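1. give me coordinates for this.
(chains A and B)
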Amino acid sequence: MPGLLKSAEQKLLLNKPGVWSTRTHLVLYYGLLFMVLLAVVCFLDPSDLRTGSMSPIWIGFVSVISIIALVVWLIYLLRFNLFKRYGVIDRFYTLTSFILYFISAGIIVLFAYVQPAVESIRANMAYGDEEIVKDINAINTKVCQLEYNLLKMPWSYDTVSIVEEGEEPRVNAAYVDGDYERTDTIAGKPARHHIFLDSAAFSYKQHEVDSLIKLNDTLYILHYTPAYDFIGLAIADNSTMNKLLSSFDLYNKVFKYPQHAADRATISKELGVLLHKYHYQEDLPSHSRNLEIEENDGPFDIVSKKYHLVHVQTAFSNIIEKKYRWSKENLPPYIRVFYYVTLIITLLVFIFRHTTTRTFFLSLLTGVLLAILTGLTFAFFHSEDSTFLLTIVNYTILFFLASLLVFYIHTRKVVTGIFINLFVSLVPFFPLFIFFWYDAWKKEQIYKQYGGDVQGVITNIDKYIVYAETGGALLFIILLVTYINKVYRRWYSLPQE
Amino acid sequence: MHTRIAEIQSYLQHNDLSLAVRRILDASLDTANVPLLKESIAFSQAYRQHEKTAIPATFFQSANNLLDKIDHVNEKLTYHTTPLVTAQQIGKTYHSGNFSLQPISLQINTGDVVGVVGENGNGKTTLLRCIAGQLALDTGELNFSQLQQADYYDIKHHLAFIPQRIPKWYGSLKDNLHFSAAIYGIKNEENTVMVDFMLERLDLTPYAHLNWSQISSGYRTRFEIARILLQKPKLLILDEPLANLDINAQQSILTDLRFMAKSVHNPMGILLSSQQLHEVEKIADTVLLIKNGSCLFRTGEPEKTAQAFVVELETTAGRDTLQQVLNNQGELTYNGGFYTITAKELSAQDILSSLVNGKIPITYFRDITHSTKRFI
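-> Below you'll find the predicted structure:
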């Protein structure tokens, strides 16, 4: 143990035994040290950034180390327990110890995030945001320029009649989740599909088309540009000044007007450089592609195979996945996994530290049995989601009421301990249960009233989930200081039967 | 001069140095003066260094200097006896129904040493666990008069229970002591000094860096006592503390406990159970004999005061010879190991004189007239 840490360890032991006994200082020191070492190793990882992410393998490997680290921490943690030794505790003791357990468990859980983070940093260092967009646009443009003759073809189009709302359409136009099923278009021979849409659906449809001709108030022809965006990755330009060129943009740039005699050699050379920059074929069976041009291949297939654009697209996709892994859109799942894994470990440790070993394991057993029995009952009676969630809410309330018994009894009973433990383990999720119950109940009400699709009953659902999660954490913190500390103190110190 | 100081000086004069050093440590603890405590720790450590060689003259000089300082501080301290816990008719019946502790009343004051003796399985541990708040009472009540509106956590914070089988602890012995002191509010330098003091006081200094598996069961008991004493409990309850100790350590621990109970600075009540009747009787203010869950006898009960003199005797002489020497004035019973002589006319002193005059070879003799041993 280094001198500074040893000195800190001694100071904490003599002055803050509650903090010392959690061993958070050791977890912080050795955990951060391990993460730095791991980060260095990950930086030295020779794997090519254009290949698929190695994160799943790394996470699996690091998770094993995390489990070992967790066990080592628990061995040291369980040696000393201020609460079970009836030491001096203040009202914030349970809160402080919970936070320290959370920090320790969090550091250990964070091990798994090091490699993905380093991989992301490496990708961002190697490839700039603007660079990616410019290169995609350049590749698409140069491919179109070089294959002008092959790719210049008529647009596909659909005919649309606007009908009254509720009128039965004569041609199928399925509506799924606010999007429209695309009509088939045979390359070079535009199909004359006739679609019947109501005015609301038509207004959505307008945003998809590249050109629209109004024949009369109810009859339109919608035109679509051929898919010139061979490399198309929608999220690549989310945060860039330059934007990806759409097929329509590429048409305007390359195909709209007769081209000047291009310097094919120069374009081809420039394209070669770009393709070389991004082309990477992984030696994996799942990544092998048939690049032989076959007789029935269309012009787009021929071009794609000729320039190995599938591999280039995959490489771009891999790079972008690594670069934007922590973007605002992708971050919430990572945070949730971290938060819930850490919270569950912390809750288990916290409960174990405030209860007897026997009661702890009986609580686990009771929880598992209750979950199985409840699940079976609901499966047997084909109950609805809302009923299930309401039952969980009721369980939490029931456990809370049962935990109150501790203030009226004079002996330490295992069953009361189980109620307290189950209440403590459910309460951080209580607002979430209520929210999901309300959502499910609302959906069921709408389904019963109108039938059909019941998606999107509550708009901005993610926002409300975050509110419920935050509310659960706050509720738990408040209860730690006001109720849970008292209930454990009372229960643990009661005489046995 | 304080009586205790004079007593310690007498030990020094008669070369009872180990006892003197221990008493000096106790006396310095009573001063609650950190520099004095440090000095006494250093003094004790110096004694240990010279213990197996010749004790230098400077040792005695240091001892007297230290005693002067302690005497000066201790003059200001006085000792008061206050009630700690009153147990009124407390009883306990286990659910299995195979044992029942009959209602027992008991009061323990600060400075009291109360011994509970009896054979195995007669309720000693049950009584101790009831008073320690570990077992719920079926009858009667406990009143901790120094604790106002206390919950069980408070009660257990202020009393300490050392079970016969000491629970395993982890980490080094010293870390455990630091932790125990710190969780009871002894922090910083005071913590270091107090831990060093306890290590020194209970002869644990050489073992401070060891862990559970590296020390003997006797030292585990000492460690547990050191740990508990650091918590400055008001009431110390020990279940069979002598069980794992050698004969010398038993005597030493018991006398130490007695001194600690009557500490001026931190007096406490001590309740201990043991099967070593004579050792416990030597140091206890009150001894309770528990048999079949009932308190059969407690010292000082006038109605059960002995009507005859009773002695135990171990000899190679036969029953007839003994009867002859005692002129048939006593009743003899033999349990295979020793004789018990009960005599109304002859006192223990007279019996011993008769035996010596009769040239009876005696290997063991004990007057148990006032001992609980009479009832076993």
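2. shouldn't B:G330 be in contact with B:D350?
-> No. B:G330 lies out of contact with B:D350 (C-beta atoms under 8 Å); the separation is 9.7 Å. For glycine as for every other residue, the C-beta is placed from the backbone atoms N, C-alpha and C.
3. what about the residue in the stretch 251-376 of chain B that chain A sits nearest to, neighbour count?
-> Nearest to chain A in the stretch 251-376 of chain B, going by C-beta to the nearest C-beta, is B:M268, at a distance of 16.0 Å. Residues near B:M268, counting by other C-beta atoms under 10 Å in any protein chain shown, number 25.
4. now do the same contact list for it.
-> Residues counted as contacts of B:M268 (C-beta atoms under 8 Å, 6 or more residues apart in numbering or on different chains) are B:84, B:110-111, B:232-236, B:260-261.
5. tell me which of those has the lowest pLDDT.
-> Among the contacts of B:M268, B:M260 has the lowest pLDDT, at 85.
6. contact residues of chain B facing chain A?
-> For chain B, the residues in contact with chain A (C-beta under 8 Å from any C-beta of the partner chain) are B:95, B:130, B:133-137, B:151-153, B:155-157, B:169-171, B:175-176, B:178-180, B:182-185, B:187-188, B:191-192.
7. buried subset of those residues?
-> Among those, those classed as buried by 16 or more other C-beta atoms under 10 Å in any protein chain shown are B:130, B:133-135, B:137, B:152-153, B:155-157, B:169, B:175-176, B:178-180, B:182-184, B:191-192.
8. quick one: which of the contacts of B:M268 is nearest chain A?
-> Nearest to chain A among those, counting by C-beta to the nearest C-beta, is B:P233 at 10.2 Å.
9. pairing partners for the strand ranked longest in chain A, with directions?
-> For chain A, the strand that runs over the most residues, judged by DSSP state E, is strand A:156-163. Strand A:156-163 sits in its sheet next to strand A:193-198 (parallel), strand A:219-224 (antiparallel), going by DSSP bridges.
10. lowest mean pLDDT across those, which one is that?
-> Across these, strand A:193-198 gives the lowest mean pLDDT, at a mean of 74.
11. in chain B, which spans are helices?
-> Per DSSP state H, chain B carries helices over the ranges B:3-13, B:17-31, B:34-51, B:57-74, B:124-131, B:152-158, B:173-183, B:188-201, B:217-230, B:247-261, B:277-283, B:319-325, B:348-357.
12. dump those into a markdown table; add distance to A:L37 as well.
-> Converted to a markdown table, these look like this (distance: least, C-beta to C-beta, whole Å):
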| stretch | distance to A:L37 |
| --- | --- |
| helix B:3-13 | 59 |
| helix B:17-31 | 49 |
| helix B:34-51 | 43 |
| helix B:57-74 | 54 |
| helix B:124-131 | 51 |
| helix B:152-158 | 44 |
| helix B:173-183 | 28 |
| helix B:188-201 | 35 |
| helix B:217-230 | 39 |
| helix B:247-261 | 50 |
| helix B:277-283 | 59 |
| helix B:319-325 | 84 |
| helix B:348-357 | 78 |
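13. re earlier: joint contacts of B:G330 and B:D350?
-> Shared contacts of B:G330 and B:D350, defined by C-beta under 8 Å, 6+ apart, are found at B:A343.
14. neighbour count winner among those two?
-> More neighbours surround B:G330 than the other of B:G330 and B:D350, with 24 against 15 (other C-beta under 10 Å).
15. tell me the confidence at the more buried one?
-> Confidence at B:G330, expressed as pLDDT, is 82.
16. with adjacent residues omitted, what lies nearest to it?
-> In space, and not counting its chain neighbours, B:G330 is closest to B:A343: 3.5 Å by C-beta to C-beta, 6 or more residues apart in numbering or on different chains.
17. who's that neighbour bridged to?
-> Residues in a beta bridge with B:A343, per DSSP bridges, are B:F309.
18. tell me how many other residues crowd it.
-> By the criterion of other C-beta under 10 Å, B:A343 has 20 neighbours.
19. with B:V34 instead?
-> Using other C-beta under 10 Å, B:V34 is surrounded by 14 other residues.
20. one more: A:L197?
-> For A:L197, using other C-beta under 10 Å, the count is 20.
21. hang on, isn't it packed against A:T159?
-> No. Judged on C-beta under 8 Å, A:L197 makes no contact with A:T159 at a distance of 10.9 Å.
22. residues contacting residue 5?
-> I went with chain A, as the question did not name one. A:25-26, A:29.
23. wrong one, chain B
-> When contacts are counted by C-beta under 8 Å, 6+ apart, B:I5 touches B:27, B:67, B:70-71, B:74.
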